[in-house]
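Undergrad: just the structure for this:
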Amino acid sequence: MNKGERTIFRCQQCGYEYFRWLGRCPECGGWNTLVEEKVLSEEKNPSLRLEIYSQPLPISQIDIEEKKGRYKVGISEFDRVLGGGIVPGSLVLVGGEPGIGKSTLLLQIANLLSSKCGKVLYISAEESTYQIKLRANRLGAISENLFLVSETELEIIVKHISDIQPKVVIIDSIQTINDNNITSTPGSISQVRECTAQLMRLAKREEIAILIVGHVTKGGTLAGPKVLEHIVDTVLYLEGERYNIYRILRSVKNRFGSTNELGIFKMEEKGMVEVLNPSALLLSEKPENISGSVVTSTFEGSRPILVEIQALVSDSNFGVSRRINTGVDYNRVLLNLAVLEKREGYSLQSQDIHVSIAGGVKVVEPALDLAIIVAVASSFKDIPVDSSAIIFGEVGLAGEVRMVNYAEKRIREALKMGFNRCIIPWGNLKHTEIFSNQKGFRIEGVKTVHQAIVLALQG
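TA: Residues are numbered from 1 along each chain as shown. From the prediction side, this is the model:
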């Protein structure tokens, strides 16, 4: 071993370090996850040397008016998820399953930014420039200010950035970038963490916005150490089924905006197309006069979205009944079924119950409780719910219906989409006086689950 080097064993799942090899990680319990790595000392590793790039200033002397505003991409769904656009000097991590459309979306963003903000550098460590050009031709992403390079070494990437001086850099992906000062293989805990940390320092020092792509594990979480999400400014997830044309961009961390925003895209031949009216999209194929179908309103970030809850209750052919859910929280559905059995006397022990949200959307908001209960009751009794009504409200264990936030905005969205009836919690009625002048529009408040079921099934 060279002078200035030391050997450690680092867990590839959680990042735990130990001075000798162990069969099982003491931190996360993973077997055979500790891998030998050589670590350079401060004298050998230039990335550990302290460099002063700025001087401390009193907060009163910092002028934010001179700072440049956000870079507007021009895709309203993407800009809103980021809180209004890309902030110069920020580091954005975009995660998603393979084939979901991350590279397609980022290449479209690179093309739009290059025509508005200046030079954009797209660095691919997984594809050649020829392969990227083929996709760019299909997407129509051809611009003189869009630079492409295929590179995996961090030192050369930093040199390219220094030479071109771009406004925005896109790196696809961080798991394939290699720092020669670290002896571990690309994609390891050490490589991912150190490469991301150096890119963060570069972004802050040069005021360059950097977007990096991250792989996800089988469990759907970002691969690499959890500290990776703490280093970056923003974490975005691109979700959706590979064989479904719709994609959902969700913000789970954002230092410059809301963490509840959601953008919906449609995958087409010429790339990602934003969906400006998700409520109309998600309700476009809603069946008429079918039991078990209920329209409800959920809130994502700054806007309400109408979704369709579908429930199917059928006799079980096996000794144990099944509960299958798609797009809704499994434990929340079990809680609602328990309320329906205990408080309303529904016999569901011998029934298979399927609950899903149409359109591939995932929602965990408690405001869906009442709609789930009504949908199950409707399917169990085989009585359709009034198709002109929306239903929302949180349900407690005593069968009471509790208030929800933003009731006014939810009702306004229902009115815009052509619904003329709302069944809502009694406590939210005091915020609905502004709708009293809407002719033919009814708002009915309920205190219990029983009242909601009676109103919904009677029409």
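Undergrad: so which residues of the stretch 101-250 of the chain form helices?
TA: 102-116, 129-139, 154-164, 189-206, 227-231 (DSSP state H, counting those that start in this stretch).
Undergrad: deepest in the core, which of the ones you listed is it.
TA: helix 102-116 (a mean of 22; mean count of other CB atoms under 10 Å). From N, CA and C alone the C-beta is placed, and that goes for glycine too.
Undergrad: now for it, which elements pack on it?
TA: Judged by 3 or more CB pairs under 8 Å, 6 or more residues apart in numbering; DSSP states H and E, helix 102-116 is in contact with strand 91-96, strand 120-124, helix 129-139, strand 146-150, strand 168-172, strand 209-214, strand 271-274.
Undergrad: now name the helix or strand holding Thr259.
TA: For Thr259, there is no host helix or strand (DSSP states H and E).
Undergrad: wait, what's in contact with it?
TA: 251-253 (CB atoms under 8 Å, 6 or more residues apart in numbering).
Undergrad: can you flag the buried ones in those residues?
TA: Buried by 16 or more other CB atoms under 10 Å: Ser251, out of the contacts of Thr259.
Undergrad: now tabulate the contacts of Thr259 in CSV and tack on distance to Asp352.
TA: Converted to CSV, the contacts of Thr259 look like this (distance: CB to CB, whole Å):
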residue, distance to Asp352
Ser251, 36
Val252, 33
Lys253, 38
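Undergrad: nearest to Ile174, of the contacts of Thr259?
TA: Nearest to Ile174 among the contacts of Thr259: Lys253, at 15.7 Å, using CB to CB.
Undergrad: how about the nearest residue to the residue nearest the centre of the chain, chain neighbours excluded?
TA: The centroid of the chain falls nearest to Arg250 when counting by CA atoms, centre = their mean (2.5 Å). Among residues not flanking Arg250 along the chain, Tyr237 sits closest, at 4.9 Å (CB to CB, 6 or more residues apart in numbering).
Undergrad: now that neighbour, which residues is it bridged with?
TA: As for beta bridges, Tyr237 partners with Gly95, Arg250 under DSSP bridges.
Undergrad: of all the helices of the stretch 101-250 of the chain, which one is nearest Ile423?
TA: Nearest of the helices of the stretch 101-250 of the chain (CB to CB): helix 102-116, 38.1 Å.
Undergrad: packing partners of whichever strand or helix holds Leu370?
TA: Counting by DSSP H and E, the element that carries Leu370 is helix 369-381. For helix 369-381, the packing partners by 3+ CB pairs under 8 Å, 6+ apart come out as strand 293-300, strand 303-315, helix 330-344, strand 351-357, strand 389-391, strand 394-395, helix 449-458.
Undergrad: let me have the ones you listed in a markdown table, extended by distance to Gln108 and mean pLDDT.
TA: Shown next, in a markdown table, are these (distance: least, CB to CB, whole Å; pLDDT from 0 to 100):
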| stretch | distance to Gln108 | mean pLDDT |
| --- | --- | --- |
| strand 293-300 | 22 | 92 |
| strand 303-315 | 23 | 93 |
| helix 330-344 | 35 | 95 |
| strand 351-357 | 27 | 95 |
| strand 389-391 | 34 | 95 |
| strand 394-395 | 39 | 96 |
| helix 449-458 | 43 | 93 |
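Undergrad: tell me the pLDDT at the nearest residue to Asn428 once chain neighbours are set aside?
TA: Residue nearest to Asn428 in three dimensions, not counting chain neighbours: Ala407, with 3.9 Å by CB to CB, 6+ apart. Per-residue pLDDT puts Ala407 at 92.
Undergrad: burial measure for Ala407, as a count.
TA: Residues near Ala407, counting by other CB atoms under 10 Å, number 25.
Undergrad: ranking helices and strands of the protein by mean pLDDT, which lands last?
TA: strand 34-40 (a mean of 73; mean pLDDT, DSSP states H and E).
Undergrad: and the closest residue to Glu97 other than its chain neighbours, how many residues sit next to it?
TA: Counting by CB to CB, 6+ apart, Glu97 lies nearest to Val216, which is 5.7 Å off, once chain neighbours are set aside. Neighbour count for Val216, taken as other CB under 10 Å: 19.
Undergrad: tell me which of the helices of the stretch 101-250 of the chain sits nearest to Met272.
TA: helix 102-116 (4.8 Å).
Undergrad: ok, residues contacting that closest one?
TA: For helix 102-116, the surrounding residues in contact (CB under 8 Å, 6+ apart) are 71-75, 78, 86, 94-96, 120, 122, 124, 127, 132, 135-136, 139-146, 167-168, 170, 172, 211, 213, 238, 247, 249, 265, 267, 271-272.
Undergrad: ok, of the contacts of Thr259, which one's closest to Leu397?
TA: Using CB to CB, Val252 comes nearest to Leu397 of the contacts of Thr259, at 29.4 Å.
Undergrad: that closest one reaches Glu239, doesn't it?
TA: No - the criterion here is CB atoms under 8 Å, and Val252 misses it with Glu239 at 10.6 Å.
Undergrad: you'd agree the residue nearest to Asn428 is up against Trp426?
TA: No - counting by CB under 8 Å, Ala407 does not reach Trp426; the two are 11.2 Å apart.
Undergrad: sorry, back to before: give me the buried subset of the contacts of helix 102-116.
TA: Among the contacts of helix 102-116, those scoring as buried are 71-75, 78, 86, 94-96, 120, 122, 124, 132, 136, 139, 141, 143, 145-146, 167-168, 170, 172, 211, 213, 238, 247, 249, 265, 267, 271-272 (criterion: 16+ other CB under 10 Å).
Undergrad: reformat the helices of the stretch 101-250 of the chain as TSV; add distance to Ser316 and mean pLDDT.
TA: Below are the helices of the stretch 101-250 of the chain laid out as TSV (distance: least, CB to CB, whole Å; pLDDT from 0 to 100):
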stretch	distance to Ser316	mean pLDDT
helix 102-116	41	94
helix 129-139	48	93
helix 154-164	57	94
helix 189-206	46	89
helix 227-231	42	81
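Undergrad: how about those, which one is nearest Leu22?
TA: With CB to CB, the closest approach to Leu22 among the helices of the stretch 101-250 of the chain belongs to helix 189-206: 15.5 Å.
Undergrad: export the closest one to PDB, keeping only CA atoms.
TA: C-alpha atoms of helix 189-206 as PDB (Å, rounded to 0.1, in the frame of the first residue of the first chain):
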ATOM      1  CA  ILE A 189     -21.000   4.300  -2.200                       C
ATOM      2  CA  SER A 190     -17.700   6.200  -2.200                       C
ATOM      3  CA  GLN A 191     -17.800   7.200  -5.900                       C
ATOM      4  CA  VAL A 192     -21.400   8.300  -5.900                       C
ATOM      5  CA  ARG A 193     -21.000  10.400  -2.800                       C
ATOM      6  CA  GLU A 194     -17.700  12.000  -3.700                       C
ATOM      7  CA  CYS A 195     -18.700  12.800  -7.300                       C
ATOM      8  CA  THR A 196     -22.000  14.300  -6.200                       C
ATOM      9  CA  ALA A 197     -20.200  16.400  -3.500                       C
ATOM     10  CA  GLN A 198     -17.700  17.700  -6.100                       C
ATOM     11  CA  LEU A 199     -20.400  18.600  -8.500                       C
ATOM     12  CA  MET A 200     -22.200  20.500  -5.800                       C
ATOM     13  CA  ARG A 201     -19.100  22.500  -5.000                       C
ATOM     14  CA  LEU A 202     -18.700  23.300  -8.700                       C
ATOM     15  CA  ALA A 203     -22.400  24.300  -9.100                       C
ATOM     16  CA  LYS A 204     -22.200  26.700  -6.100                       C
ATOM     17  CA  ARG A 205     -18.800  28.200  -7.100                       C
ATOM     18  CA  GLU A 206     -19.600  28.800 -10.800                       C
END
